[in-house]
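Asks: Structure of the sequence below:
(2 chains)
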Amino acid sequence: GAVVSQHPSRVICKSGTSVKIECRSLDFQATTMFWYRQFPKQSLMLMATSNEGSKATYEQGVEKDKFLINHASLTLSTLTVTSAHPEDSSFYICSARAPVGLGEQYFGPGTRLTVT
Amino acid sequence: AQKVTQAQTEISVVEKEDVTLDCVYETRDTTYYLFWYKQPPSGELVFLIRRNSFDEQNEISGRYSWNFQKSTSSFNFTITASQVVDSAVYFCALSEDNAGNMLTFGGGTRLMVKP
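Replies: Numbers count the residues shown, from 1 in each chain, chains lettered A, B, ... in the order given. Predicted coordinates for the structure are as follows:
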């Protein structure tokens, strides 16, 4: 099946700094990628839809200036958490939509962000 | 607006028992797609199944089976002869487009299979 990677898998940063998370589709081109956030023992909440070559579409309540998304190529989308605060600590998961076939989303392994 | 409800937050069974995870959904669309994903402790979501609203035929894949009933807006997932490796959080999800965009996830059910 399609493989999606994320880097880093874990990151600890200090409050006020920015952190970049990468999402890559390894064996297929993804014109659309998605970013989710998951708090402990909770479900996934869609943050934004990332489209290659255009601006991301953010869900209601998600600050676009705080969570910067760049989808510069067909295999890479990045999420930058700017001026991170402890409440931004969470599990961030990206997914890429399969280009053909069933159209399901393939998920990355997730990035656990801890802001101290 | 669409909504997915997984009423069981946690289920604990002993190995070899059968277990059914419930999923109830709400949508105004006549065409929609239902999914099940598995999230093991490692965190990565694993796709299990996709079903469109026009296909109510039940599906079986090894020890896994799914029961889709539009009349009750349910898409339940049964694991037969559960194994310890089945321990994970299982999410039911709904999408209103064929491309798998705009997935709405249920709250998830944590399944613990004890030896």
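
Asks: Partner strands of the host helix or strand of A:Thr114 and their direction?
Replies: Using DSSP states H and E, A:Thr114 falls within strand A:111-115. With DSSP bridges as the test, strand A:111-115 is paired with strand A:10-13 (parallel), strand A:90-97 (antiparallel).

Asks: On the strand side of things, show who residue 95 bridges to.
Replies: Went with chain A since none was named. Per DSSP bridges, the residues bridged to A:Ser95 are A:Phe34, A:Phe107.

Asks: oops, chain B please
Replies: Counting by DSSP bridges, B:Ser95 is bridged to B:Tyr33.

Asks: Over to B:Ser74?
Replies: Beta-bridge partners for B:Ser74, by DSSP bridges, are B:Val24, B:Gln69.

Asks: what residues are up against A:Glu104?
Replies: Shown in contact with A:Glu104 (Cβ atoms under 8 Å, 6 or more residues apart in numbering or on different chains): A:Arg97, A:Ala98, B:Phe35, B:Phe47, B:Arg50, B:Gly100. Glycine gets a C-beta too; all of them are placed from N, C-alpha and C.

Asks: ditto for B:Gly108
Replies: Taking Cβ under 8 Å, 6+ apart as the test, what B:Gly108 contacts is A:Gln42, A:Ser43, B:Gln6, B:Thr9, B:Gln39, B:Val89, B:Tyr90, B:Phe91.

Asks: So the second one is in contact with B:Gly107, correct?
Replies: Think A:Ser43. Yes. Here A:Ser43 reaches B:Gly107: they are 4.9 Å apart, a contact under Cβ atoms under 8 Å.

Asks: Let's test this: name the helix or strand in chain A with the lowest mean pLDDT.
Replies: Every helix and strand of chain A was ranked by mean pLDDT, DSSP states H and E. The lowest is strand A:105-107, at a mean of 86.

Asks: Not counting its own residues, what contacts that one?
Replies: So strand A:105-107 is contacted by A:1-4, A:25, A:34, A:93-98, B:37, B:44-47, B:100, B:103 (Cβ under 8 Å, 6+ apart).

Asks: buried sites along it?
Replies: For strand A:105-107, a neighbour-count test (16 or more other Cβ atoms under 10 Å in any protein chain shown) marks A:Gln105, A:Tyr106, A:Phe107 as buried.

Asks: same thing with stretch A:34-44?
Replies: A:Phe34, A:Trp35, A:Tyr36, A:Arg37, A:Gln38, A:Ser43, A:Leu44.

Asks: Over to stretch B:13-21?
Replies: Within stretch B:13-21, the residues that count as buried by 16+ other Cβ under 10 Å are B:Val13, B:Val19, B:Leu21.

Asks: Just the closest of the residues you listed to chain A, please.
Replies: Minimum distance to chain A across these is 14.0 Å, recorded for B:Leu21 (Cβ to the nearest Cβ).

Asks: So, low pLDDT: which residues of the chain?
Replies: Defaulting to chain A. Residues of chain A meeting the criterion pLDDT under 70: A:1, A:99-103.

Asks: meant chain B, my bad for not saying
Replies: Applying pLDDT under 70 to chain B flags residues B:98-100.

Asks: Do you have the strands of it handy? List them.
Replies: B:3-5, B:10-14, B:19-21, B:24-26, B:33-39, B:46-52, B:59-61, B:64-69, B:74-79, B:88-95, B:104-105, B:109-114 (DSSP state E).
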